[in-house]
Structures are given as structure tokens and as C-alpha cells.
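Enquirer: please work out how this folds:
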Amino acid sequence: MSEKLRIALFCSGGMSTSLVGSKMQKVYDQEQKNVQVDAYDFGMIDEVGDDVDVIVIAPQISWAYDQVVEAHPDKKVIKLSMQEFGSMDGQVLVNRLAEEGVE
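Expert: The predicted structure is shown next:
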């Protein structure tokens with residue numbers, strides 16, 4: 001079995017991201033993918049960023065994208081659009097990450 005892929009979702013508060021993360025986790029679980037999705041407040045990025053494989057940024061903090069890429073050059077960093085995030089649809093988000101090469 002391959003090593004678990006760890007995805008961290010970040011937003012300004014963490015509440016809506018927790019919901020989005022749990023919906024994404026359900027999709028990965030249904031697809032029997034070895035993926036762990038967790039949601040965090042943006043203030044945690046320095047603590048958590050080095051321990052994950054993929055950093056996903058909610059649209060509320062899209063202003064921080066360049067700074068996150070610079071701080072975590074060895075990580076895949078994905079910025080979600082307001083439409084993707086606002087859909088609150090785990091499948092839409094899993095599909096977006098797949099388009100970015102995250103599977």
C-alpha cells in the first residue's frame with residue numbers, strides 16, 4: 001500500500017474549510033484512495049505546511065498564494081476559485097485537484 005497523501009486546506013477562519021474538507025474526504029474514501037484531508041486556520045500554515053503533500057488555499061486567502069509558494073517550494077500549492085469553494089461539493093474539489101495532478 002502506498003503512503004497516505006496528505007492534503008491541508010487553509011482559510012481565514014477554518015469553519016467553512018472544515019466542511020469542505022470533510023466532503024472531500026468522503027469522496028476520497030468512496031474512491032478508496034489513501035488520502036487524508038484536514039482543514040486549518042491560515043495561522044497554522046507554518047506549523048502544518050511542511051508535514052503535508054498538498055496545500056490548498058481557500059479564496060478568502062488567495063492574496064497569500066505567492067507567499068505560501070515561496071515558503072513551501074517543495075509542496076504543491078493550489079488556489080481554489082470562489083465558485084469551486086462555494087460549491088461545497090467534494091467531488092468538484094477532488095476533480096480540481098486531479099486536474100492539478102493530485103490523485
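
Enquirer: hey, let's count contacts and neighbours off CA atoms from now on
Expert: Will do.

Enquirer: for the top helix by length along the chain, give me every contacting residue.
Expert: In the chain, with assignment by DSSP state H, the single longest helix is helix 15-30. With contact meaning C-alpha atoms under 8 Å, 6 or more residues apart in numbering, helix 15-30 is reached by 9-11, 34-40, 58, 85, 88-91, 93-94.

Enquirer: where does pLDDT dip in this structure?
Expert: Counting by pLDDT under 70, the chain shows low-confidence ranges at 1-2, 14.

Enquirer: mind listing the strands for it?
Expert: Per DSSP state E, the chain carries strands over the ranges 5-11, 35-41, 54-57, 76-79.

Enquirer: ok, and what's touching the last one?
Expert: Outside strand 76-79, the residues that touch it by C-alpha under 8 Å, 6+ apart are 53-59, 62, 65, 68-69, 97, 100.

Enquirer: can you check stretch 60-68 too?
Expert: Here stretch 60-68 makes contact (C-alpha under 8 Å, 6+ apart) with Cys11, Ser12, Phe42, Ile57, Val77, Lys79, Leu80.
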